[in-house]
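>>> how does the following fold in three dimensions:
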Amino acid sequence: LEAAAVNLFAGEKPADVYSEIAARVHNIMMRDSKKDPATHPNALLAKLLIDQVDRKLVKQTVMTSVYGVTFFGAREQIKRRLQEKGHIMDDRVLYPAACYAAKVTLAALGELFQAARNIMAWLGDCAKVIASANQPVRWTTPLGLPVVQPYYRSQRHLIRTSLQVLALQREGDSVKVRRQRTAFPPNFVHSLDGSHMMMTAVACRDAGLNFAGVHDSFWTHACDVEKMNEILREKFVELYSTPVLENLLESFQQSYPSLVFPPLPERGNFDLREAILFCLLRREFEFDSATIHDPQPSKGGHPVTDFAVFISETVGERKEETQGGAKGDEPQGQVLADVNKYDAEWEKQWFGAGIFYEGSEEVEVDVFKKLEKKKVLSNVEKAGLLSKAEDLGFTLSSIEKLGVFSKAEELGLLSLLEKAATFSPSTLASAALPAFVAAVLTVVIIPDDSAGLVAVQAVLGGALAVGAAGLFVGSVVLGGLQEAD
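Numbering: from 1, shown residues only. Below you'll find the predicted structure:
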């Protein structure tokens, strides 16, 4: 199913994975729209969005799924597409509609590409094992090119002169565990893409073809396109007929013998030769279904018929293996909804930077960008507080594994942060005074005749005092944000 969706299968017409996901999203929304709105609140959103679902709505989310796009990123991507359509103008409706559409799109992706997600999760888990041992992830491409991920924590280096003190950022000794893990799946895939392009380029040179390429776009003269199409498919089969993941795991075990890696994901039963070579032979001999069923072989045999028999036997063997053979170990780990945080100015993976890297795209959160304009987050980081919190595991990604922020986004709670910047600082400051007075009254009114009552005094008084302080600090921060505007 997954192979057919990305045109590895020989079909009557080219497959379009974006349209396939859009169709699945439409089907899910169609089912939801028929439910009772009283018990299923999404029924109304489904009715509203059914006519808005198309290829463009889901394309960016599908495209960035290989980079581990999160619910937050998918929601922002789809929200922008809905805004472009202009059918939903009310922001109070647009936000929950985008949340619902993102949830359905990710569910459709999970249905169609579960095996691919398992591989991504395995790659990330292996990288985490390596990085947790303070080692950078390194591997060798199928062409023998060694690759090392250069993601280290930076250290400050002070240079004192007679006029000033310069602070330089230098690469430290400890690796960025989270960055090593999140970057490895796309980097590894890109290294395979690069290997395929180089193999194709060399083969084209040997065949006398002029070749040019950028990433996944291969070029040659129009008269040689058919030959290049044949070559690039042959090299694709040659590359991925090798046990890529098995070789990677073996190299990890040799490079890091003291580490224990998770077992490989279960291998599928798709044989590349069944599709790629079949396409090549069909193009070369221009046969139809009648040729296969009623062949006219020569003395040496009919190459098309021979291959058709080979395919039939191969498919039968694979089915027997799948039905009768023992299954491999179940894939370990789940696809983690990670959010990479990174700001080029102070190079810190943190939510407060206000930039979320979802694959190759950036999603900006205005309130945190405004906060950083006042250098609040940078100063906190210089004090080492963010690093300490990250070392203890208190990061947005670690909390997101529990689904806390995804649920909060669905309820619209996180969007309140952006709206908070429009509040009046004086209103927050005035609200701090009653909270402080209430904290004092709890100490005065509640008797302290026993240890239990003293504990009640401390808890209530402390909570109210912290709330008052938070309101006061919030008023100061909001004032600074509005000044920055």
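>>> buried stuff in the helix or strand containing Asn118?
Using DSSP states H and E, Asn118 falls within helix 114-132. For helix 114-132, burial by neighbour count (16 or more other C-beta atoms under 10 Å) applies to 115-131. C-beta here means a position set from N, CA and C on the backbone, and glycine is covered the same way.
>>> the following helix or strand past it packs against which elements?
Counting by DSSP H and E, the next helix or strand C-terminal to helix 114-132 is strand 138-140. Using 3 or more C-beta pairs under 8 Å, 6 or more residues apart in numbering; DSSP states H and E, the elements in contact with strand 138-140 are strand 146-148, helix 244-255.
>>> by how many degrees do whichever strand or helix holds His190 and helix 244-255 diverge?
Assigned by DSSP H and E, His190 belongs to helix 177-206. When axes from the mean of the first three to the mean of the last three C-alpha atoms, to 10 degrees is applied, the directions of helix 177-206 and helix 244-255 differ by 120 degrees.
>>> show me what counts as buried in helix 177-206.
For helix 177-206, by 16+ other C-beta under 10 Å, it's 177-188, 191, 194-201, 203-204.
>>> with stretch 230-247 instead?
Glu230, Ile231, Leu232, Arg233, Glu234, Lys235, Phe236, Val237, Leu239, Leu245.
>>> ok, now which ones touch Pro136?
Ile130, Val148, Gln149, Pro150, Tyr151, Tyr152, Val175, Gln180 (C-beta atoms under 8 Å, 6 or more residues apart in numbering).
>>> phi, psi of the closest residue to Gln169 other than its chain neighbours?
Counting by C-beta to C-beta, 6 or more residues apart in numbering, Gln169 lies nearest to Ser154, which is 4.4 Å off, once chain neighbours are set aside. In terms of degrees, to the nearest 10, the main-chain angles of Ser154 are phi -90, psi 150.
>>> tell me how far Phe71 lies from Leu106.
Computed as C-beta to C-beta, to the nearest Å, the Phe71 to Leu106 distance reads 7 Å.
>>> closest one of the contacts of Pro136 to Lys13?
Gln149 (40.0 Å; C-beta to C-beta).
>>> where does pLDDT dip in the chain?
1, 10-11, 66-68, 274-429, 474-485 (pLDDT under 70).
>>> show me it divided up by domain.
By the assignment in automatic domain parsing, the chain contains the domains 2-112, 135-289+315-324, 337-414, 423-485.
>>> pretty sure Gly467 is touching Val437, no?
No - with contact defined as C-beta atoms under 8 Å, Gly467 does not reach Val437; the gap is 11.9 Å.
>>> so for the two, which residue has more residues nearby?
Gly467 (16 against 12; other C-beta atoms under 10 Å).
>>> what sits against that one?
Contacts of Gly467 (C-beta under 8 Å, 6+ apart): Ala435.
>>> element containing it?
helix 451-484.
>>> so how far is Asp173 from the nearest residue to Arg160 once chain neighbours are set aside?
Excluding its sequence neighbours, the residue lying closest to Arg160 (C-beta to C-beta, 6+ apart) is Leu166, at 8.0 Å. Between Leu166 and Asp173 the computed distance is 22 Å (C-beta to C-beta).
>>> ok, and what's touching stretch 445-465?
Ala435, Phe436, Ala438, Ala439, Val440, Thr442, Val443.
>>> can you say which of those residues are buried?
Ala435, Phe436, Ala438, Ala439, Thr442.
>>> the residue nearest to Gln169 contacts Ser174, correct?
No - assessed by C-beta under 8 Å, Ser154 is found out of contact with Ser174, at 10.1 Å.
>>> report the buried residues of stretch 64-82.
So stretch 64-82, judged by 16+ other C-beta under 10 Å, has buried residues 64-65, 67-79, 81-82.
>>> just the ones in helices from the residues you listed, please.
Of these, the ones assigned to helices by DSSP state H are Phe71, Phe72, Gly73, Ala74, Arg75, Glu76, Gln77, Ile78, Lys79, Arg81, Leu82.
>>> disregarding residues adjacent in the polypeptide, which is nearest to the fourth one?
It refers to Ala74. Leaving aside its sequence neighbours, Ala74 sits nearest to Ala102 (C-beta to C-beta, 6+ apart; 4.0 Å).
>>> can you pull the contacts of the one you found?
Ala102 neighbours (C-beta under 8 Å, 6+ apart): Thr61, Phe71, Ala74, Arg75, Gln77, Ile78.
>>> same question for Gly194.
By C-beta under 8 Å, 6+ apart, the neighbours of Gly194 are Thr141, Leu145.
>>> redo that, cut-off 10 Å
Gly194 makes contacts with Thr141, Pro142, Leu143, Leu145, Val147, Gly213, His215, as judged by C-beta atoms under 10 Å, 6 or more residues apart in numbering.
>>> filter those residues down to just the buried residues.
Pro142, Gly213.
>>> tell me the one of the contacts of Gly194 nearest Asp32?
His215 (37.8 Å).
>>> gap between the closest one and Asp90?
40 Å.
>>> also Phe184?
From Phe184 to Asp90 the distance is 42 Å (C-beta to C-beta).
>>> likewise for Pro243?
54 Å.
>>> before we move on, what about Ala131?
If you measure Ala131 against Asp90 using C-beta to C-beta, the figure is 45 Å.
>>> again with Cys126
46 Å.
>>> am I right that Met29 is in contact with Leu49?
Yes - Met29 lies in contact with Leu49 (C-beta atoms under 10 Å); the separation is 5.8 Å.
>>> joint contacts of those two?
Asn42, Tyr100, Ala101, Val104.
>>> ok so, going back, burial count for the residue nearest to Gln169?
14.
>>> oh, and call the first residue 19 from now on, that's how I've got it
In the new numbering, first residue 19, that becomes Ser172.
>>> mind telling me what element the residue nearest to Ala92 is part of?
helix 109-130.
>>> kindly report the same for Gln173.
strand 170-178.
>>> what comes up buried for the helix or strand following that strand?
Counting by DSSP H and E, the next helix or strand C-terminal to strand 170-178 is strand 183-193. By neighbour count with 16+ other C-beta under 10 Å, strand 183-193 contains the buried residues Val193.
>>> ok, strand 183-193: who's next to it in the sheet?
If you go by DSSP bridges, strand 183-193 pairs up with strand 170-178 (antiparallel).
>>> how about the strand it pairs with as PDB, C-alpha atoms only?
The C-alpha coordinates for strand 170-178 follow below in PDB (Å, rounded to 0.1, in the frame of the first residue of the first chain):
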ATOM      1  CA  TYR A 170      27.500  20.200  20.100                       C
ATOM      2  CA  ARG A 171      26.600  22.600  22.900                       C
ATOM      3  CA  SER A 172      28.300  25.900  22.600                       C
ATOM      4  CA  GLN A 173      30.500  27.400  25.300                       C
ATOM      5  CA  ARG A 174      31.200  31.100  26.000                       C
ATOM      6  CA  HIS A 175      34.800  32.200  25.600                       C
ATOM      7  CA  LEU A 176      35.700  35.700  26.900                       C
ATOM      8  CA  ILE A 177      38.400  37.800  25.300                       C
ATOM      9  CA  ARG A 178      39.300  40.800  27.400                       C
END
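>>> re earlier: and which of the buried residues of stretch 248-265 is nearest Leu26?
Set against Leu26, the nearest of those by C-beta to C-beta is Phe254 (8.9 Å).
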